[in-house]
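Novice: For reference, the sequence and a predicted model appear below.
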Amino acid sequence: MPEALSGQQSQKWAISLFTIGVFMAALDNGIISAALTTINSSFDVSPSWGSWGVTLYTLGLSVSVPIVGKLSDRYGRKKLFMIEVGLFGLGSLLVALSQSFPMFLAARLIQALGGGGIFIIGSSHILAVLPKEKQGKALGLLGAMNGMAAVLGPNIGSFLLDWSGSWHWLFLINLPIAAALVVFGGLFIAETKEPETKRLDFIGAMMLSLAILSCMIGITNLDGAALLESLENVKVFGFIAAGALLFFVMLRYEKRVESRGGDPILAYSLLQNKVFQWTLVIGFLSGGLLAAVIFIPSYAEQYLHVSAEKAGYWMTPLALASGIGAWLGGALTDKKGPVFSAVLSGLIASAGFSLFPLWVTEKWEFVIASVIAGIGFGFLLGAPLNVLVSETAGAAKGTALGTLSLVRQVGLTLAPTLYAGFITAGFDRIGDDIRNRLDKSGFPADQAHMPDIGGGLSSIQEQVSRIPLPAVKKAVADAVEASVASGYHHLYAAAAVISFCTIVSACILAFFRKSALSKTNASPSAGKAP
């Protein structure tokens, strides 16, 4: 590192570079969604096969996060940051150069293995070098970039696709950014690592990877329209059961490794810590809240009647608000503590998401509700949960942050299945709602112009526009509107309930945290609270 740089300047450079890296990696999974149809056509694959471009990236993130967290603790965060960014850049190049769909999938996996650890490494570095009173703001900045990138990804992807006319540029644009991050990271980031000389737990890492892969594949096979029935599918319960069994075996193995003085990939004693357990619960719930954002474009198009090409832009208020919320959450964590921030997050998010089913009918009302909800769940994206896990982790900060990120990713993967089930249930009601409203209007369904409801919402709306009788047309249009609204109202009511569960979980966490601190104060020789 150049000698001219002071310690404070070095910290600013490091945080800036980590922030750019986090934004780049988090942006990628959202940015590809804008070009999925184009990519599928270029490789001549079906939409179900094409979705594996997203699924594999998610799986790669989930597998790499806890392992990279441990590696960064052991070998150095600067070194791992440069390796991760380089791997992400290599994966991006290989994706852009892919001549076949299997090569495309393999390159996406390489991308994920590189991008998955950047947020964890940056968070660990901040917790290692900054004083406690400044950690919240810095972690909040990383969280803001993480959340904003996930939400803005589809918009940026659409812009790049329109500008370039080629999906390859969605990935080639990563190359100069990754190259600059490697160069400047080598120059300006100070190396930090934990004083650890024990051998890495490769067997535990392998079992954890296989357990995550198995569970995530099972989760992606869930059918939101028939959730209970899909649980009986061997591709769902088989993979989830295999993953759960592997995870149980891994925990028993990790307990033995830890008892023998080894360095487990997941510390068994850490997983037994009540504060850590409830922090993971809140992390899982925060993933569920972030997943609700995925449905904003379809909500704007189908409920607020925004044109399809402009629907994605209606994510912008929520994206910006979540970034502001992450920054505010960091500042508040520094002043009031992480538990207070988590409780306030749940209160604000619950109020914001509740406005969707209870109040929103116009676009300006939607913007207000989006801003409130975005600020609320944005609080959880950075500082509060990271500070909580670092308090309990001791020297294993990277491992703890990796586990938290993994649990959040599981929530982000599982929740859309639940939400999609609400929307599907609303659509399934369209036929019955039309018949009921026609009967009440004095036009029996068998005598009226019943639209064919098998062709999707756009087809139904087109058929409704051609109905000649105004009274019948209004009754049918109102029925379609009510059915669509019902699905989205249940979705965002569920998000409000998840927000309330965050408040309850934070209060339970506060009880265990206070108990742990009391034990520590009563027995100074005991060290940190268990």
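Specialist: Looks like it arrived, so ask away. Fair warning: this is a prediction, and the values are worked out from it, not measured in the lab.
Novice: C-alpha from now on. contacts and neighbour counts both.
Specialist: Will do.
Novice: Quick check: residue 269 vs residue 200, distance?
Specialist: Between residue 269 and residue 200 the distance is 17 Å, computed by CA to CA, to the nearest Å.
Novice: With residue 55 instead?
Specialist: Remark: distance between residue 55 and residue 200 (CA to CA) = 28 Å.
Novice: who's more crowded, the two?
Specialist: Legend: neighbour count by other CA atoms under 10 Å for residue 55 and residue 200, higher for residue 55 (20 against 16).
Novice: would that one count as being in a strand?
Specialist: No: looking at residue 55 with DSSP: H, G, I helix; E, B strand; the rest coil, it is helix, so not inside a strand.
Novice: And the residue nearest the centre of this structure?
Specialist: Residue closest to the average C-alpha location in the chain (CA atoms, centre = their mean): residue 412, at 4.5 Å.
Novice: Identify the residue nearest that residue in space, chain neighbours excluded?
Specialist: Distances taken as CA to CA, 6 or more residues apart in numbering put residue 287 closest to residue 412, at 4.2 Å, once the chain neighbours are dropped.
Novice: ok, now which ones touch that neighbour?
Specialist: Contacts of residue 287 were listed using CA atoms under 8 Å, 6 or more residues apart in numbering, and they are 407-413, 415.
Novice: and with 6 Å instead?
Specialist: 408, 411-412 (CA atoms under 6 Å, 6 or more residues apart in numbering).
Novice: from those residues, which single one is nearest residue 243?
Specialist: Closest to residue 243 out of these is residue 411 (16.0 Å), distances taken as CA to CA.
Novice: Which elements pack onto the helix or strand containing residue 95?
Specialist: Assessed by DSSP states H and E, residue 95 sits inside helix 77-96. In terms of contacts (3 or more CA pairs under 6 Å, 6 or more residues apart in numbering; DSSP states H and E), helix 77-96 is packed against helix 101-115, helix 174-188.
Novice: Out of the ones you listed, flag the one nearest residue 335.
Specialist: helix 174-188 (29.2 Å).
Novice: ok, then the element right after that closest one?
Specialist: In N-to-C order, the element after helix 174-188 by DSSP H and E is helix 202-220.
Novice: Can you list the buried residues in that next one?
Specialist: Neighbour-count burial for helix 202-220, counted by 16 or more other CA atoms under 10 Å, picks out 204-205, 207-220.
Novice: Now the helix or strand where residue 255 lies - C-alpha only, CSV.
Specialist: Taking DSSP H and E as the definition, residue 255 sits inside helix 239-259. Only the C-alpha atoms of helix 239-259 are listed here, as CSV (Å, rounded to 0.1, in the frame of the first residue of the first chain):
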residue,chain,number,x,y,z
PHE,A,239,-33.8,-33.4,-2.1
ILE,A,240,-34.8,-31.5,1.0
ALA,A,241,-34.7,-34.6,3.2
ALA,A,242,-31.3,-35.5,1.7
GLY,A,243,-30.1,-32.0,2.5
ALA,A,244,-31.4,-32.1,6.0
LEU,A,245,-29.8,-35.5,6.7
LEU,A,246,-26.5,-34.2,5.3
PHE,A,247,-26.7,-31.1,7.5
PHE,A,248,-27.4,-33.2,10.6
VAL,A,249,-24.4,-35.5,9.8
MET,A,250,-22.3,-32.4,9.2
LEU,A,251,-23.3,-30.9,12.6
ARG,A,252,-22.3,-34.1,14.4
TYR,A,253,-19.0,-34.1,12.5
GLU,A,254,-18.4,-30.4,13.3
LYS,A,255,-19.0,-31.0,17.0
ARG,A,256,-16.3,-33.7,17.0
VAL,A,257,-13.9,-31.4,15.1
GLU,A,258,-14.5,-28.6,17.5
SER,A,259,-14.1,-30.9,20.6
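Novice: buried residues in it?
Specialist: Per 16+ other CA under 10 Å, helix 239-259 contains these buried residues: 239-244, 246-247, 249-251, 253-255, 257-258.
Novice: and the least confident of the buried residues of helix 202-220?
Specialist: Within these, pLDDT reaches its minimum at residue 220, with 68.
Novice: C-terminal to the helix or strand encompassing the residue nearest to residue 412, what's the next element?
Specialist: Assigned by DSSP H and E, residue 287 belongs to helix 274-292. Following helix 274-292 in sequence order, the next helix or strand is helix 296-302 (DSSP H and E).
Novice: That next one - what's its average pLDDT?
Specialist: Confidence for helix 296-302, expressed as mean pLDDT, is 81.
Novice: What of stretch 390-403?
Specialist: Mean per-residue pLDDT for stretch 390-403: 73.
Novice: Distance from the chain centre to that stretch, please.
Specialist: Chain-centre distance of stretch 390-403: 20 Å, with CA atoms, centre = their mean, to the nearest Å.
Novice: What of stretch 280-294?
Specialist: Taking the mean of its C-alpha atoms, stretch 280-294 sits 7 Å from the chain's own mean (CA atoms, centre = their mean).
Novice: For residue 218, which non-adjacent residue is closest in space?
Specialist: residue 236 is the one closest to residue 218 (CA to CA, 6+ apart), at 4.2 Å.
Novice: how about the strands in the stretch 1-150 of the chain?
Specialist: Using DSSP state E, counting those that start in this stretch, no strands are found in the stretch 1-150 of the chain.
Novice: What is the neighbour count of the closest residue to residue 182 other than its chain neighbours?
Specialist: Excluding the flanking residues, the one nearest residue 182 by CA to CA, 6+ apart is residue 82, at 5.2 Å. By the measure other CA under 10 Å, the count of residues near residue 82 is 22.
Novice: And the pLDDT at residue 82?
Specialist: As predicted, residue 82 sits at a pLDDT of 92.
Novice: before we move on, the earlier item: quick check, pLDDT for the residue nearest to residue 218.
Specialist: 81.
Novice: Might one say that it is in contact with residue 217?
Specialist: No: Residue 236 is not in contact with residue 217 according to CA atoms under 6 Å; the separation is 7.7 Å.
Novice: What residues does the nearest residue to residue 246 once chain neighbours are set aside make contact with?
Specialist: In space, and not counting its chain neighbours, residue 246 is closest to residue 211: 5.3 Å by CA to CA, 6+ apart. Contacts for residue 211 (CA under 6 Å, 6+ apart) come out as 243, 246-247.
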